[in-house]
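Asks: Attaching a predicted model along with its sequence, questions to come.
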Amino acid sequence: MRLHLARILLVGCALLPLLGCPRHDAGSRDVLRISQRNEPATLDPQLASLPDEFFIIRALSEGLLVPSPDNGAPRPAIASRWQVSPDGRTYTFDLRTDARWSDGKPVTAADFVYSIRRVLSPKLAAPKASLFFALRNAAAYYQGKIRDFPAVGVRALGDHRLELTLEQPVADFPAIVASGPWIPVQRDTIEQSGPSDERTNDWARPGRFVGNGPFLLGAWRPGEEIMVTRNPGYYAAARIKLRELRFVAFDNGDAEERAFRAGQIDVTMAVPFGKLDGYRDAKPSLLHTVPLFETRYLALNTRRPPLDREDVRRALSLVLDRRELVDKVLRGGQEPAYSFVPPGLGGYETADKIAENREAARQLLRDSGFPDGRGFPQLELTTWVGNPVLEAIQATWRRELGIEVALVQRELRTHLAALVAGNYDLALVAVIPDYNGASDAFAQLTTGNSGNYPHWSNAEFDRLVADAGRATSAEARRTDYRRAEKLILAEAPVIPLYFNAQNYLLQPRVRHWRADRLWTRYYRDVEVGPGP
């Protein structure tokens, strides 16, 4: 009874602002205002790395293919159709003849050749260059082993036909081509602002940006708002119903949610944990949930004692109750992660799962020389965002294993830099695949990969991932990936926690808004009715 009464009181308090909130700036009929939680470092598609940046970039520019909002096969975009050679190594893309850059010039195959050459330039050091390594000699060119770019498997067969040749067949290649970093740039625009391989080239700014997408870059007021306007020259302009998109900056979820209640934004990025129940009970039509192909996990720095020991890492993993974390702490549609790769990503399904066992975890810790946590050093668990799950994990490790961790919150880019440099003990990580394919998730833990934050190395794992990438049959690929995932679970360089879900608020006046399981947003056909 007390728990039930407490829940009623909690919900009632959460509902007060929902039921009696002031409304300001109801918004225009053809303007959509979207929350932007992280300020973009760049709008250059070849230097961007965060979903927050691609939210805006995909409004401004478009690649050969685009992801499907229903988790299906990629869809045509600048390429109207494509074909694959019988050996699976050569893709030929036919480009739309009506695609234009925003300065009126046609989009041609040469633009894609130029863009691929730029992204593979060693000096540019593009963060997602590895997404192009399926191309013949692309990795060798990026690493400086060859200097002759025509040796790379990309060439224009006329203005509107592009040929891409791979090192070997890659089952996920169309999905890779639909990823954000494959969005092209225009040579004239880049080189008017400076050398193409200079990271400081400031072309992606209002007044300079030339794209080929449905919107034009209007204004960028850092920390406040980015505004884009409808591009009348876009080949599918008839399907762009909005005159303007405004990406409005917010520092935190509470401020974002208050602005939504006040009628100042139409779509939020998230919903504060403490307000989910209030919306579910009082305003369920405003709350939307999308299960994501996103694994939230703890990276363990395998270079630092005692986390360099497999038995210690496994003890930290096996002692957790993931179902309790999602059902009692998060309560936002997340699913417990008993494996590393999200089920269904690129059609992949895992075979092995983490077998939680607290007594086994305590025994592992005793066997490793830390009975009841005695002698275990205090470690830091770092994050970029407040997350009640971390407090629950901290309490579990203290109660069940007798060890202490300190929670440390850092700014996002500082957090990421520390992960890459190995300057941390344990850290919360969100692994968001760049495309709908299991190969991306597995590649991140291969030796030397920039996303291998645990700095873990296992030659057998690397071999299995490479073999899976070369496999021509779905069964052989699935077998290799399952063996690779078994190694992840056995050696525990990461502790999978949960597969994330996006909970966001959407004003009733917005119609046809779509977001997929990879954080991709779709702006075609979106409409905004009159304000309340």
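Replies: Arrived safely, thanks for sending. Residues are numbered from 1 along each chain as shown.

Asks: Asp70 and Gly223, how far apart?
Replies: From Asp70 across to Gly223, the span is 35 Å (C-beta to C-beta, to the nearest Å). (Glycine included, C-beta is placed from N, CA and C.)

Asks: wait, I meant Arg199
Replies: Separation of Arg199 from Gly223 (C-beta to C-beta): 22 Å.

Asks: When these two are compared, which one has more neighbours?
Replies: Legend: neighbour count by other C-beta atoms under 10 Å for Arg199 and Gly223, higher for Arg199 (13 against 8).

Asks: Tell me the spacing between that one and Ala395.
Replies: For Arg199 relative to Ala395 (C-beta to C-beta), the value is 43 Å.

Asks: Next secondary structure after the worst-scoring helix or strand of the chain on mean pLDDT?
Replies: Ranking every helix and strand in the chain by mean pLDDT, DSSP states H and E puts helix 2-19 at the bottom, with a mean of 31. Using DSSP states H and E, the next helix or strand after helix 2-19 towards the C-terminus is strand 31-36.

Asks: and that following strand, how far from the chain's centre?
Replies: Chain-centre distance of strand 31-36: 20 Å, with C-alpha atoms, centre = their mean, to the nearest Å.

Asks: So in the chain, which strand runs the longest?
Replies: Longest strand in the chain, counting residues (DSSP state E): strand 287-300.

Asks: For Asn423, see how far away the residue lying closest to Ser61 once chain neighbours are set aside is.
Replies: Take Ser61 and drop its neighbours on the chain: the residue closest to it by C-beta to C-beta, 6 or more residues apart in numbering is Gly211, 3.8 Å away. Per C-beta to C-beta, Gly211 is found 36 Å from Asn423.

Asks: More neighbours: which of these two?
Replies: Gly211 (28 against 13).

Asks: Now Gln378: closest residue in space, sequence neighbours ignored.
Replies: Per C-beta to C-beta, 6+ apart, closest to Gln378 is Glu404, 4.7 Å.

Asks: wouldn't Leu381 be in contact with Gln409 here?
Replies: No - with contact defined as C-beta atoms under 8 Å, Leu381 does not count as touching Gln409 (10.0 Å).

Asks: So between those two, which is more surrounded?
Replies: Leu381 (19 against 13).

Asks: where does the more buried one land in three-state SS?
Replies: Using DSSP: H, G, I helix; E, B strand; the rest coil, the structure places Leu381 in strand.

Asks: ok, now which ones touch it?
Replies: Leu381 makes contact with 298, 390, 393-394, 405-408, 425-428, according to C-beta atoms under 8 Å, 6 or more residues apart in numbering.

Asks: Out of those, give me the one that has the most neighbours.
Replies: Leu426 (26 neighbours).

Asks: if we can go back for a sec, mean confidence score for the longest strand of the chain?
Replies: Average pLDDT, strand 287-300: 97.

Asks: So what does the nearest residue to Glu349 once chain neighbours are set aside have for phi and psi?
Replies: Spatial nearest neighbour of Glu349, chain neighbours left out: Pro343 (5.6 Å); criterion: C-beta to C-beta, 6+ apart. Main-chain dihedrals, Pro343, degrees, to the nearest 10: phi -60, psi 130.

Asks: And Gln394, by the same measure?
Replies: Phi and psi for Gln394, reported as degrees, to the nearest 10, are phi -50, psi -50.

Asks: okay, now the domains of the chain?
Replies: Under the assignment automatic domain parsing, the domains of the chain span 2-37+214-286+506-528, 60-192, 291-501.

Asks: any idea what the closest residue to Ile226 other than its chain neighbours is structurally, helix, strand or coil?
Replies: Setting aside the residues directly before and after it, Ile226 is nearest to Phe247 in space (C-beta to C-beta, 6+ apart), at 4.3 Å. Secondary structure, three-state DSSP: Phe247 is strand.

Asks: do Arg398 as well
Replies: helix.

Asks: What is the neighbour count of it?
Replies: Applying other C-beta under 10 Å, I find that Arg398 has 13 neighbouring residues.

Asks: residues in contact with the residue nearest to it when sequence neighbours are not counted?
Replies: Using C-beta to C-beta, 6+ apart and skipping the chain neighbours, the partner closest in space to Arg398 is Glu404 (6.1 Å). Glu404 makes contact with 373, 376, 378-379, 397-398 under the criterion C-beta under 8 Å, 6+ apart.

Asks: Which residue ranges of the stretch 1-150 of the chain form helices?
Replies: Using DSSP state H, counting those that start in this stretch, the helices of the stretch 1-150 of the chain run over 2-19, 51-60, 109-119, 138-142.

Asks: thought Val31 was touching Val528?
Replies: Yes - contact status for Val31 versus Val528: in contact at 6.6 Å, counting by C-beta under 8 Å.

Asks: any common contacting residues for these two?
Replies: Leu242.

Asks: so Glu163, which of the three states?
Replies: Three-state call for Glu163 (three-state DSSP): strand.

Asks: Just list whatever residues bridge to it.
Replies: Beta bridges link Glu163 to Thr92, Arg155, judged by DSSP bridges.

Asks: and the gap between it and Pro284?
Replies: Counting by C-beta to C-beta, the gap from Glu163 to Pro284 is 51 Å.

Asks: do Gln46 as well
Replies: Taking C-beta to C-beta, one finds Gln46 at 41 Å from Pro284.

Asks: Looking at Val31 and Val528, which one has more neighbours?
Replies: Remark: of Val31 and Val528, Val528 carries more neighbours, 23 against 16, as counted by other C-beta under 10 Å.

Asks: so the more buried one makes contact with Arg243?
Replies: No - when contacts are counted by C-beta under 8 Å, Val528 is not listed as touching Arg243 (9.4 Å).

Asks: circling back: turn the domains of the chain into TSV, including distance to Gly207.
Replies: TSV is the format used below for those (distance: least, C-beta to C-beta, whole Å):
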stretch	distance to Gly207
domain 2-37+214-286+506-528	8
domain 60-192	11
domain 291-501	26
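
Asks: who wins for proximity to Trp203 among those domains?
Replies: With C-beta to C-beta as the measure, domain 60-192 is the member of the domains of the chain nearest Trp203 (5.4 Å).

Asks: Straight-line length of that closest one, end to end?
Replies: 19 Å (C-alpha to C-alpha, to the nearest Å).

Asks: Could you list the low-confidence segments of this structure?
Replies: Along the chain, segments meeting pLDDT under 70 span 1-27, 531-532.

Asks: Tell me which residue is most central in it.
Replies: Central residue of the chain (C-alpha atoms, centre = their mean): Ile432, 3.5 Å from the mean position.

Asks: Distance check, Ala443 against Pro86.
Replies: On the measure of C-beta to C-beta, Ala443 and Pro86 end up 26 Å apart.

Asks: Please apply the same query to Glu460.
Replies: From Glu460 to Pro86 the distance is 32 Å (C-beta to C-beta).

Asks: the more surrounded of those two?
Replies: Just comparing Glu460 and Pro86: by other C-beta under 10 Å the higher neighbour count belongs to Glu460, 10 against 6.

Asks: Chain neighbours aside, what residue packs nearest to that one?
Replies: Nearest residue to Glu460 in three dimensions, chain neighbours excluded: Leu487, at 6.4 Å (C-beta to C-beta, 6+ apart).

Asks: Check which residues of the one helix or strand that neighbour maps to are buried.
Replies: Counting by DSSP H and E, the element that carries Leu487 is helix 474-491. In terms of neighbour count (16 or more other C-beta atoms under 10 Å), helix 474-491 has its buried residues at 477-489, 491.

Asks: still on that earlier bit, so the residue nearest to Glu460 is in contact with Leu464, correct?
Replies: Yes - applying C-beta under 8 Å, one finds Leu487 in contact with Leu464, separated by 7.5 Å.

Asks: How are the helices of the stretch 201-350 of the chain distributed by residue range?
Replies: Using DSSP H, counting those that start in this stretch, the helices of the stretch 201-350 of the chain run over residues 253-261, 276-282, 310-318, 322-324.

Asks: which stretch among the ones you listed comes nearest Ala125?
Replies: With respect to Ala125, and counting by C-beta to C-beta, the nearest of the helices of the stretch 201-350 of the chain is helix 310-318 at 31.3 Å.
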